[in-house]
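Undergrad: the following block contains a protein sequence and its predicted model.
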Amino acid sequence: MPTYEFPKDLREAQLALHQTRAAYEQYATTLPWSAVPMPGWEGEKQLHSGYQSRKDDSPGYTEEQAAEVARFQRLLLELSITVSTHPFWDSVDGGSRVDARMALKHVHEQPEDEAA
């Protein structure tokens, strides 16, 4: 696989995107299952199993929770645009862009001196 010399600002934006996505996913686990108040439900027993799906009532998101979700979504969109429209991509042959994009997603796993 070829190696790419990603600019520092692109590497930093990609790392920020990874970190923000992870933080958002962690935050989302603390939220009610529905953004708006919804009644709970109970599914039917599954064939050949004792499993029966169910959800308790959802109170919906508080104003603070909704604002935090919106903040995460804005930041994720901004970082995604920064990464995907970076001028670096113009220097990569069209057929290699997918490989380069995949390499960028993992560049943070390398020591700093190898990533540069």
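TA: Looks like it arrived, so ask away.

Undergrad: and the spatially most central residue of the chain, what element?
TA: Most central in the chain under CA atoms, centre = their mean is R21, positioned 3.5 Å from the mean C-alpha point. When secondary structure is defined by DSSP states H and E, R21 falls within helix 8-28.

Undergrad: that helix: how far from the chain's middle?
TA: For helix 8-28, the distance from its own C-alpha centre to the chain's C-alpha centre is 7 Å (CA atoms, centre = their mean, to the nearest Å).

Undergrad: try stretch 89-107
TA: Counting by CA atoms, centre = their mean, stretch 89-107 is centred 19 Å from the centre of its parent chain.

Undergrad: mind listing the strands for the protein?
TA: For the chain, the strands identified by DSSP state E occupy 41-42, 54-55, in order along the chain.

Undergrad: which other helices and strands does the last one contact?
TA: I take that to be strand 54-55. Applying 3 or more CB pairs under 8 Å, 6 or more residues apart in numbering; DSSP states H and E, one finds that strand 54-55 makes contact with strand 41-42. Heads up, the C-betas are built off the backbone N, CA and C, glycines and all.

Undergrad: against the centre of the chain, work out the most remote residue.
TA: The outermost residue of the chain, judged by C-alpha distance from the chain's mean C-alpha position using CA atoms, centre = their mean, is H48 at 36.2 Å.

Undergrad: quick revisit: and of the strands of the chain, who's closest to P2?
TA: Checking those against P2 by CB to CB gives strand 54-55 as the closest, at 47.9 Å.

Undergrad: neighbouring strands for that closest one, and are they parallel or not?
TA: The strands that strand 54-55 pairs with in its sheet are strand 41-42 (antiparallel) (by DSSP bridges).

Undergrad: distance of the closest residue to D57 other than its chain neighbours relative to Y61?
TA: Closest residue to D57 apart from its sequence neighbours, by CB to CB, 6 or more residues apart in numbering: G40 at 4.4 Å. G40 is 16 Å from Y61, where distance means CB to CB, to the nearest Å.

Undergrad: now swap in W33 and tell me
TA: Here W33 is placed at a distance of 11 Å from Y61 (CB to CB).

Undergrad: just T30 next, same as before
TA: As for T30, its distance to Y61 is 11 Å (criterion: CB to CB).
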